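A.B. asks: Pasting a predicted model and its sequence here:
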Amino acid sequence: MVFVTSYVAKYVGPEVFGIIALATATFQIIQIIAQLGNDNIIFKRVSKKKNQE
């Protein structure tokens with residue numbers, strides 16, 4: 001992955017690579033926050049289904 005990142009940075013330039021890096025970091029933070037809530041929802045729904053059966 002290090003080689004791909006360095007190649008992309010060289011190919012697109014520092015300004016565009018900065019935008020790509022910012023977008024990637026923002027998406028990863030949002031994904032982490034979304035996963036925290038999803039685990040609780042999944043456990044709740046699975047336990048409700050087991051109680052109904």
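C.D. replies: Cool, the structure landed. Numbers count the residues shown, from 1 in each chain.
A.B. asks: and Tyr11, what is it in contact with?
C.D. replies: Residues near Tyr11 by CB atoms under 8 Å, 6 or more residues apart in numbering: none. Placement of C-beta: from N, CA and C, glycine included.
A.B. asks: which strands and helices sit next to the biggest helix by length in the chain?
C.D. replies: Looking across the chain with DSSP state H, the single longest helix is helix 14-52. Counting contacts by 3 or more CB pairs under 8 Å, 6 or more residues apart in numbering; DSSP states H and E, helix 14-52 packs against helix 2-12.
A.B. asks: I'd like to check the angle between the helix it packs on and helix 14-52, please.
C.D. replies: Angle, helix 2-12 to helix 14-52, by axes from the mean of the first three to the mean of the last three CA atoms, to 10 degrees: 130 degrees.
A.B. asks: Mind listing what's buried along helix 2-12?
C.D. replies: With burial defined by 16 or more other CB atoms under 10 Å, not one residue of helix 2-12 is counted as buried.
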